[in-house]
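# Fold the following and give me the result.
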Amino acid sequence: MKTVQKAVAQFSLLLALASGALFLTGCETPSGGGAAGTSNIESLTAAANAGDADAALKLGDAYMHGRGVAKNSLEAETWYKKAAELYQRK
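Got it, this is the predicted structure:
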């Protein structure tokens, strides 16, 4: 019984660490996350266009790695440049 409890505890720890890593890297769900009826990409785009440097950086990452959108290195570059401009203004 102790072996089973130890295995469950280790598995729980592994799940907690994995979910923490996903949170820190900004990994989104395939549907894009966000509230029902909205897209996380749309939310990030609106925020980035309103001057949010972090949102622009996340959009660059999303396009670079294909998270919630099709991979597009040119679009990623556009958002990375916008993020850099916005960070310089801070």
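
# in this structure, which spans are helices?
2-25, 40-49, 53-65, 73-89 (DSSP state H).

# Output the shortest one as CSV - backbone C-alpha positions only.
Right, the one you point to is helix 40-49. The C-alpha coordinates for helix 40-49 follow below in CSV (Å, rounded to 0.1, in the frame of the first residue of the first chain):
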residue,chain,number,x,y,z
ASN,A,40,-6.9,34.5,-26.6
ILE,A,41,-5.1,35.6,-29.8
GLU,A,42,-7.8,38.2,-30.3
SER,A,43,-7.4,39.4,-26.7
LEU,A,44,-3.6,39.6,-27.1
THR,A,45,-3.8,41.4,-30.4
ALA,A,46,-6.2,44.0,-28.9
ALA,A,47,-3.8,44.5,-25.9
ALA,A,48,-0.7,44.7,-28.1
ASN,A,49,-2.3,47.2,-30.3
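
# who does that helix touch, helix- and strand-wise?
Helices and strands touching helix 40-49, by 3 or more C-beta pairs under 8 Å, 6 or more residues apart in numbering; DSSP states H and E, are helix 53-65, helix 73-89. From N, CA and C alone the C-beta is placed, and that goes for glycine too.

# okay, the ones you listed in JSON lines with mean neighbour count and distance to Q5 next?
Formatted as JSON lines, those follow (neighbours: other C-beta atoms under 10 Å; distance: least, C-beta to C-beta, whole Å):
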{"stretch": "helix 53-65", "mean neighbour count": "21", "distance to Q5": "38"}
{"stretch": "helix 73-89", "mean neighbour count": "14", "distance to Q5": "46"}
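
# can you list those helices in CSV and add distance to T45 and mean pLDDT?
Compiled in CSV, the helices and strands packed on helix 40-49 are given as follows (distance: least, C-beta to C-beta, whole Å; pLDDT from 0 to 100):
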stretch, distance to T45, mean pLDDT
helix 53-65, 6, 95
helix 73-89, 9, 95
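
# want to try a markdown table for those, with distance to L44 as columns?
A markdown table is the format used below for those (distance: least, C-beta to C-beta, whole Å):
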| stretch | distance to L44 |
| --- | --- |
| helix 53-65 | 5 |
| helix 73-89 | 9 |
